[in-house]
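Novice: What shape does this take:
(chains A, B, C and D)
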2 protein chains.
Amino acid sequence: MISPPSYRSHPSPFESGLRSDGKRMTPQRKKVLSLFEEIGSGIHLSAEEVHSKLTISGEKVSLATIYRTLRLLVKMTFLNELDLSEGGNRFELLSHDHPDHHHLICIRCGRTEEFENNNVINAGKEAATNFGFKLLESSLNVRALCPKCSNK
Amino acid sequence: MISPPSYRSHPSPFESGLRSDGKRMTPQRKKVLSLFEEIGSGIHLSAEEVHSKLTISGEKVSLATIYRTLRLLVKMTFLNELDLSEGGNRFELLSHDHPDHHHLICIRCGRTEEFENNNVINAGKEAATNFGFKLLESSLNVRALCPKCSNK
DNA sequence: CCTTTTGTTGCGAGCTGTTCTCATTACGCT
DNA sequence: AGCGTAATGAGAACAGCTCGCAACAAAAGG
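Specialist: Take a look at the predicted model:
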């Protein structure tokens, strides 16, 4: 009987997170997370966009599985879910360097920029405290017109 | 033939706003706006809730008309639209005393509290300026657990 | 190894919130 | 009062998302 290599192959944080919860790593899950990692943080994809990007690059993962995986990844804090509304929720890689960033959205073309601001975070904390709520997450959405769209 | 009273009845701001745009005042529109005025500002209703409240009080306005009217009232800045997600958008009377308030939402039971904070408004302005965007509106949504829901 | 257990997938049906279509109604101007 | 046109109601259509279930596949156990 062949023994395993003397070094343990390190499972990714994703995989070990799954394992510790009785869940399994699957090719589909790997593909979805990889996609987000490849495109980097700060880019927001809808479930539909994830689906078509995977389909285009030859991988086929059903839409239902994508929805399930996105929810899972959000729960595991690998992804962040944005409710920018207008055509479905969007997801982005949650970068732990910039945990609490906010969004500036052009309502006409959809261009989205991110920014951070401690005052906003504190405002959320303060409001939660005042009402006896336990804060989970706060997100500031600034609806605006980008330079291109505002002069036409 | 009976002539109208000698004084001109003053059209409401709503009515004159409509008129000036070639639009018409209708009983349905009046009912929807009245409902919001009766319940006061700071209460958020979904389209469905508006529909059932009207239905219960004997008025019948079709759901399609309610959606159309809500959109219209938002455009005319009588109502404010909130994207709190989870079961549809909600609408509230836009009080001009508290133009830029934000929301603290219990994600479990839906209880919603409002607060104001100038730092948030400024953060939005600042971000828009930095990216050359023209600010329209900013809304901070704080997702949290209310006291009741957080201890169970 | 082969079997059992159990988590996962894919597909299509179903659901919810919202918009659209279109025939009919009715507001408001003269 | 009559006319032009905006607005309504009813239901179909739609988008985004979830669900149920049979087939599948990865661990676990004999």
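Novice: mind checking how far A:D21 is from A:K75?
Specialist: Going from A:D21 to A:K75 by C-beta to C-beta, to the nearest Å gives 10 Å. For glycine as for every other residue, the C-beta is placed from the backbone atoms N, C-alpha and C.
Novice: meant to ask about A:D100
Specialist: With distances taken as C-beta to C-beta, A:D100 is found 18 Å from A:K75.
Novice: who's more crowded, these two?
Specialist: A:D100 (15 against 12; other C-beta atoms under 10 Å in any protein chain shown).
Novice: Wait, the more buried one touches A:E116, no?
Specialist: Yes - contact status for A:D100 versus A:E116: in contact at 6.7 Å, counting by C-beta atoms under 8 Å.
Novice: May I have the distance across stretch A:77-91, first residue to last?
Specialist: Using C-alpha to C-alpha, to the nearest Å, the end-to-end distance of stretch A:77-91 comes to 11 Å.
Novice: mind listing what's buried in that stretch?
Specialist: If you call a residue buried by 16 or more other C-beta atoms under 10 Å in any protein chain shown, then stretch A:77-91 has these buried ones: A:F78, A:L79, A:N80, A:E81, A:L82, A:D83, A:L84, A:R90, A:F91.
Novice: Counting by contacts, list what the helix or strand the third one falls within packs against.
Specialist: By that I understand A:N80. Taking DSSP states H and E as the criterion, the element that holds A:N80 is strand A:79-82. Helices and strands touching strand A:79-82, by 3 or more C-beta pairs under 8 Å, 6 or more residues apart in numbering or on different chains; DSSP states H and E, are helix A:63-75, strand A:90-93.
Novice: Worst mean pLDDT among those?
Specialist: Mean pLDDT is lowest for strand A:90-93 out of these, coming in at a mean of 90.
Novice: can you give me how far that strand is from the chain middle?
Specialist: Centroid separation between strand A:90-93 and its chain, computed with C-alpha atoms, centre = their mean, to the nearest Å, is 3 Å.
Novice: Sheet partners, orientation included, of the longest strand anywhere in chain A?
Specialist: Ranked by residue count and defined by DSSP state E, the top strand of chain A is strand A:134-145. If you go by DSSP bridges, strand A:134-145 pairs up with strand A:101-106 (parallel), strand B:134-145 (antiparallel).
Novice: for DNA strand D, what are the nearby residues on chain A?
Specialist: A:24-26, A:46-48, A:63-64, A:67, A:71, A:87-89 (C-beta under 7 Å from any atom of the strand).
Novice: how about those residues, which pair is most distant?
Specialist: A:R24 and A:G87 (31.9 Å; C-beta to C-beta).
Novice: okay, now the domains of chain A?
Specialist: As given by automatic domain parsing, the domain ranges for chain A are A:17-98, A:100-152.
Novice: Could you save those as CSV and add columns showing distance to B:L33?
Specialist: As requested, the domains of chain A are exported to CSV (distance: least, C-beta to C-beta, whole Å):
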stretch, distance to B:L33
domain A:17-98, 24
domain A:100-152, 23
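Novice: Need the winner for burial among those domains.
Specialist: domain A:100-152 (a mean of 18; mean count of other C-beta atoms under 10 Å in any protein chain shown).
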